[in-house]
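Visitor: take this sequence and fold it.
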Amino acid sequence: MTEEQQIKVVLGFDDQQMEERIMEDWLRWCENKSYSNQYSIPTQNGHVIFAERDDKDLQNLVADNSLFKFWLDAYLDCLLDFLDHVTDMKPLPSPEEALQILNRSVVDTHRLFSKRLLNHARSKKIVEYVGS
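Guide: This is a model prediction of the structure:
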C-alpha cells in the first residue's frame, strides 16, 4: 500500500475527500498570507479594528503555480510526518482521532512562506478577477 493510500485509510477518506482537504488547507494558507485592509471605527469605548480581506491578493496567491508547489512540498512533508506518527500508535487512532492529529500536523505549514514567491505571485495581473 502506498503512503497516499495509507493516509486515506487512516483518515477514512476517499480520493475526492483527500483532494478537498488538500485544497481547503491550501485556501486557508493563502487566506492567512493574503493582505487585508484594516480600518478602525471609533466607538464610545475606543476604536474597533476590522480587517477586510483583499480578494484580489487572495486570488493572485491561490492562482500561482510556483507558490502552490512550494506549499505542497511542505504540506506533503507534514502528511508523511502525520503518517509516521499515527502508524506508530497502538492501537491505530479512529478516523476522527486521526483527523485531529492531522489538523495539528498541518498547522506547521502556516508558519512557512517564501517572501520571494509571495511577491512574485502578487506581481502577476489576473485578467479577470472573480467578483469584479
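
Visitor: residues contacting the residue nearest to Glu31 when sequence neighbours are not counted?
Guide: In space, and not counting its chain neighbours, Glu31 is closest to Leu58: 6.2 Å by Cβ to Cβ, 6 or more residues apart in numbering. The C-beta positions use only the backbone N, C-alpha and C, and glycine is treated the same way. The contact partners of Leu58, by Cβ atoms under 8 Å, 6 or more residues apart in numbering, come to Cys30, Glu31, Ser34.

Visitor: identify the residue spatially nearest to the last one, adjacent ones excluded.
Guide: The one in question is Ser34. Looking at Ser34 with Cβ to Cβ, 6+ apart, the closest residue is Leu58, at 4.1 Å.

Visitor: and that neighbour, how far is that from Arg122?
Guide: Leu58 is 10 Å from Arg122, where distance means Cβ to Cβ, to the nearest Å.

Visitor: just Ala98 next, same as before
Guide: Distance, Ala98 to Arg122, by Cβ to Cβ: 36 Å.

Visitor: strands of the chain, start to end?
Guide: 36-43, 46-53 (DSSP state E).

Visitor: can you give me the helices for this structure?
Guide: 3-11, 15-33, 55-63, 65-87, 95-106, 115-123 (DSSP state H).

Visitor: any idea which of those helices is most buried?
Guide: helix 55-63 (a mean of 19; mean count of other Cβ atoms under 10 Å).

Visitor: tell me the average confidence for that one?
Guide: What helix 55-63 shows for mean pLDDT is 90.

Visitor: okay, the angle between that helix and helix 65-87?
Guide: 70 degrees (axes from the mean of the first three to the mean of the last three Cα atoms, to 10 degrees).

Visitor: what angle sits between helix 55-63 and helix 15-33?
Guide: Going by the same axes, to 10 degrees, helix 55-63 makes 130 degrees with helix 15-33.

Visitor: with just CA atoms, put helix 55-63 into CSV.
Guide: C-alpha atoms of helix 55-63 as CSV (Å, rounded to 0.1, in the frame of the first residue of the first chain):
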residue,chain,number,x,y,z
ASP,A,55,-9.9,39.3,-2.6
LYS,A,56,-7.6,40.2,-5.5
ASP,A,57,-4.5,39.5,-3.5
LEU,A,58,-6.0,36.2,-2.3
GLN,A,59,-6.8,35.2,-5.9
ASN,A,60,-3.3,36.1,-7.0
LEU,A,61,-1.9,33.8,-4.3
VAL,A,62,-4.3,30.9,-5.0
ALA,A,63,-3.7,31.1,-8.8
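
Visitor: having no further points to raise, I will conclude here.
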